[in-house]
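*Asks:* Below is the structure, and that's it, no one-letter string:
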């Protein structure tokens, strides 16, 4: 009897690579999945790949011709939704942007961009999940609930079959599924999170000058007492890991992310600490990497002048739609039209609905040209980026003759080159 094959689950950005499936079975079912993984592999699959031009069924060649013509006729095309594509398809998208002098962005909205600005300002000290598992004796979850967003994370970083213990500490504004299994829960409101970090950094600075003295509790405020307790946990670790999510949705400035980065840098003067953001934005991290490798900028890159340039959020997808600076859009989405437009502001939504659209989608949506995508890791293969920035290849569970997005995008690129 042959053993089940191992596959990668794309149910979240943890990308667990130990999922056992026997694809030869009539009704295969995955093993070792969490609730998110089970939902992911239970998605309904289409038996055939269908493409559309102006709402009518079309061959792949007809759809490619129509998409290429729309891009050629456009004076300022926009390419976005790269977070829904494989790394290979993201690379092909950038090549198209370069040829068609388009603006290219990783996602549709500006939410969550502040973490990129924070990285550019302060840098980061980070590690892989394997290093956290092998070395970390203190893991702090800062305003996040991995038991819900990344259900197998604690299992993946827990040092099993070793004599080394790992202490779990949660900092947040309310009890969660993760706090119930943590060794300690420090409660602080989201409004006071930044103040807490400032106090922790201040006490660490004082501690480095006079290592034996921390302020007495009777002369401290509540937030300073909480900071005092947190400092004791931090300096007592030999190798600590701070795993966090963004507290604010501000698109350009997140003081918490900035302070966590600064805190980790300060802690490395005393002990060893790393930080890791628990991303929930599909394959956006890979898209940022691809754009950075290709153009020098991780998002919102404009090629209108014949070379890549960026100016903050000026060339982001949401800004381009709001200001009506694009006259056609090529995008990828695994959401329905209603779910997609809800993420856009009113002005951006209006312009998005008014301009010609080339869509790569798993749903049937109104677009001038639509290419049907499969489900990544089930009937579509390709690389994705894990939350610790490690790329993993996903293979198909069910073999099929579907043409993947990267191959379609390459056909569009070739068509554009032929008409230069």
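*Replies:* That came in fine, so what should we check first? Note that the structure is predicted; figures quoted are calculated from it, not measured. Residues are numbered from 1 along each chain as shown.
*Asks:* Can you get me a residue count around residue 99?
*Replies:* The local packing of residue 99 (other CB atoms under 10 Å) involves 16 other residues. Any C-beta I mention is one placed from the backbone N, CA and C, and that applies to glycine too.
*Asks:* So which residues of the stretch 301-420 of the chain form strands?
*Replies:* For the stretch 301-420 of the chain, strands defined by DSSP state E, counting those that start in this stretch occupy the ranges 301-302, 328-333, 357-361, 369-372, 382-385, 391-394.
*Asks:* The stretch 101-250 of the chain now?
*Replies:* Under DSSP E, counting those that start in this stretch, the stretch 101-250 of the chain gives strands at 103-104, 138-142, 167-172, 184-187, 239-244.
*Asks:* Mean neighbour count, those strands: which tops it?
*Replies:* Mean neighbour count (mean count of other CB atoms under 10 Å) peaks for strand 103-104 among those, with a mean of 29.
*Asks:* Does that one pack against any helices or strands, and if so which?
*Replies:* Applying 3 or more CB pairs under 8 Å, 6 or more residues apart in numbering; DSSP states H and E, we find strand 103-104 packed against strand 77-80, helix 87-100, strand 301-302.
*Asks:* Off-centre distance for the last one?
*Replies:* Just to be clear, that refers to strand 301-302. Relative to its chain's centre, strand 301-302 lies at 20 Å (CA atoms, centre = their mean, to the nearest Å).
*Asks:* So which elements touch that strand?
*Replies:* By 3+ CB pairs under 8 Å, 6+ apart, strand 301-302 packs against strand 103-104.
*Asks:* quick one: low-confidence parts of the stretch 101-250 of the chain?
*Replies:* Applying pLDDT under 70 to the stretch 101-250 of the chain flags the ranges 161, 208-220, 246-250.
*Asks:* repeat that with 50
*Replies:* Of all residues in the stretch 101-250 of the chain, none has pLDDT under 50.
*Asks:* Any idea how many residues pack against the closest residue to residue 77 other than its chain neighbours?
*Replies:* Excluding the flanking residues, the one nearest residue 77 by CB to CB, 6 or more residues apart in numbering is residue 102, at 4.1 Å. For residue 102, the neighbour count with other CB under 10 Å is 26.
*Asks:* list the contacts for residue 102?
*Replies:* 71, 74, 76, 77, 78, 79, 96, 303, 330 (CB atoms under 8 Å, 6 or more residues apart in numbering).
*Asks:* Out of the strands of the stretch 301-420 of the chain, which gets nearest to residue 279?
*Replies:* Nearest of the strands of the stretch 301-420 of the chain to residue 279, taken as CB to CB: strand 382-385 at 8.9 Å.
*Asks:* Give me the sheet partners of the closest one and which way each runs.
*Replies:* According to DSSP bridges, strand 382-385 has the following sheet partners: strand 391-394 (antiparallel).
*Asks:* residues making contact with the partner strand?
*Replies:* Contacts for strand 391-394 (CB under 8 Å, 6+ apart): 7-8, 10, 15, 17, 86-87, 286, 376-377, 380-386.
*Asks:* Mark which of those residues are buried, thanks.
*Replies:* 7-8, 10, 15, 86-87, 286, 376-377, 380-386 (16 or more other CB atoms under 10 Å).
*Asks:* farthest pair in the contacts of residue 102?
*Replies:* 76 and 96 (14.2 Å).
*Asks:* which stretches of the stretch 301-420 of the chain form helices?
*Replies:* With DSSP state H, counting those that start in this stretch as the criterion, the stretch 301-420 of the chain has helices at 317-322, 337-342, 346-354, 405-418.
*Asks:* wait, which of the strands of the stretch 101-250 of the chain is closest to residue 273?
*Replies:* Per CB to CB, nearest to residue 273 of these: strand 239-244, 4.4 Å.
*Asks:* right, and the helix or strand after that closest one?
*Replies:* Moving toward the C-terminus from strand 239-244, the next helix or strand (DSSP states H and E) is helix 255-267.
*Asks:* how many degrees apart are that next one and strand 138-142 in direction?
*Replies:* 160 degrees (axes from the mean of the first three to the mean of the last three CA atoms, to 10 degrees).
*Asks:* which residues touch helix 255-267?
*Replies:* 114-115, 118-119, 121-125, 142-143, 193-194, 197-198, 200-201, 204-205, 234, 240, 242, 244, 246-248, 273-275, 277.
*Asks:* and it, what's its mean pLDDT?
*Replies:* The average pLDDT within helix 255-267 is 87.
*Asks:* Now do the helix or strand just after that helix: which elements does it pack against?
*Replies:* Counting by DSSP H and E, the next helix or strand C-terminal to helix 255-267 is strand 272-277. Other helices and strands packing on strand 272-277, by 3+ CB pairs under 8 Å, 6+ apart, are helix 129-135, strand 239-244, helix 255-267.
*Asks:* Can you give me the domain assignment for the protein?
*Replies:* 5-41, 51-112+282-377+398-418, 114-277 (automatic domain parsing).
*Asks:* for the ones you listed, which one ends up most surrounded?
*Replies:* It is domain 51-112+282-377+398-418: most buried of the domains of the chain by mean count of other CB under 10 Å, with a mean of 20.
*Asks:* can you give me how far that domain is from the chain middle?
*Replies:* 17 Å.
*Asks:* Now do it: distance from first to last residue.
*Replies:* Distance across domain 51-112+282-377+398-418, first residue to last, is 23 Å (CA to CA, to the nearest Å).
*Asks:* Kindly report the same for stretch 387-407.
*Replies:* Start-to-end, stretch 387-407 (CA to CA) is 26 Å.
*Asks:* that older thread, which two in the buried ones among the contacts of strand 391-394 are spaced the farthest apart?
*Replies:* 7 and 286 (18.5 Å).
*Asks:* Please name the nearest non-neighbouring residue to residue 150.
*Replies:* Here the residue nearest residue 150, using CB to CB, 6+ apart, is residue 14, at 4.6 Å.
*Asks:* you'd agree the one you found is up against residue 152?
*Replies:* Yes. The pair residue 14 / residue 152 is scored as a contact, 6.1 Å apart, by CB atoms under 8 Å.
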